[in-house]
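Colleague: Provided below for reference: sequence and predicted model.
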Amino acid sequence: MNYWLMKSEPEEFSIDTLKKIPNQTEPWDGIRNYQARNFIRDEMKPGDLAFFYHSNCEQPGIVGIMKIASKPRPDHTAFDLQDKHYDPKSDPDNPRWFLVDVKFKRKFKRVISLSELREQIRLQDFKLLQKGNRLSVMPVTKKEWEYILSLE
DNA sequence: GCCAACGTTGGC
DNA sequence: GCCAACGTTGGC
């Protein structure tokens, strides 16, 4: 089983929104970065767990946990002219972009903020904290996962 | 293939 | 709103 971290701007889609959806499951669409796409398409499996990270907001940080709830499949929003993530270069017969469903698991009692994560000597190698990192989907090691959980 | 210009991400 | 650090695009 793999562990992940997935970013979303809470004004676009927050963990509270995911929690409120009737079956608490939603396609994680709109990923338009090849490295992130490769993680989704080639490595994500149903049952994997992911941190939900709120970015570009008042308090950036990890806010809870979700579960990967489907196999990877083509991101249909790339084919939708009306969609903000429309990409004419993604051919339905040879899709460029992929997504998985995510299912709400739990929300942390508090935000484990980016600044707090940066203070952790044991997270020095954590991908999220590397200079210039802009990946919106990234792997988390088991050690990192467990250590971050211990901070809650 | 190089690289300048441009667009995006995301912290602050 | 600013801007650093990318990633992408397209002319050559």
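Modeller: Thanks, I have the structure now.
Colleague: Look up the closest residue to A:T141, ignoring the ones flanking it.
Modeller: A:Y3 (7.1 Å; C-beta to C-beta, 6 or more residues apart in numbering). Any C-beta I mention is one placed from the backbone N, CA and C, and that applies to glycine too.
Colleague: Hmm, that neighbour is touching A:M138, no?
Modeller: No: counting by C-beta atoms under 8 Å, A:Y3 stays clear of A:M138, with 10.0 Å between them.
Colleague: quick revisit: ok now do the residue nearest to A:T141, which residues does it touch?
Modeller: Each residue near A:Y3 by C-beta atoms under 8 Å, 6 or more residues apart in numbering is listed here: A:48-51, A:139-142, A:144-145.
Colleague: okay, and for chain A, where does confidence drop off?
Modeller: Scanning chain A for pLDDT under 70 picks out nothing.
Colleague: Could you check which residue of it lies nearest DNA strand C?
Modeller: In chain A, the residue that lies nearest DNA strand C is A:G132 (2.0 Å; C-beta to the nearest atom of the strand).
Colleague: mind listing what that residue touches?
Modeller: By C-beta under 8 Å, 6+ apart, A:G132 has no neighbours at all.
Colleague: Tabulate the contacts of A:Y3 (CSV), appending secondary structure and neighbour count.
Modeller: As requested, the contacts of A:Y3 are arranged in CSV below (DSSP: H, G, I helix; E, B strand; the rest coil; neighbours: other C-beta atoms under 10 Å):
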residue, secondary structure, neighbour count
A:D48, coil, 18
A:L49, strand, 15
A:A50, strand, 26
A:F51, strand, 24
A:P139, strand, 17
A:V140, strand, 21
A:T141, coil, 13
A:K142, helix, 10
A:E144, helix, 21
A:W145, helix, 19
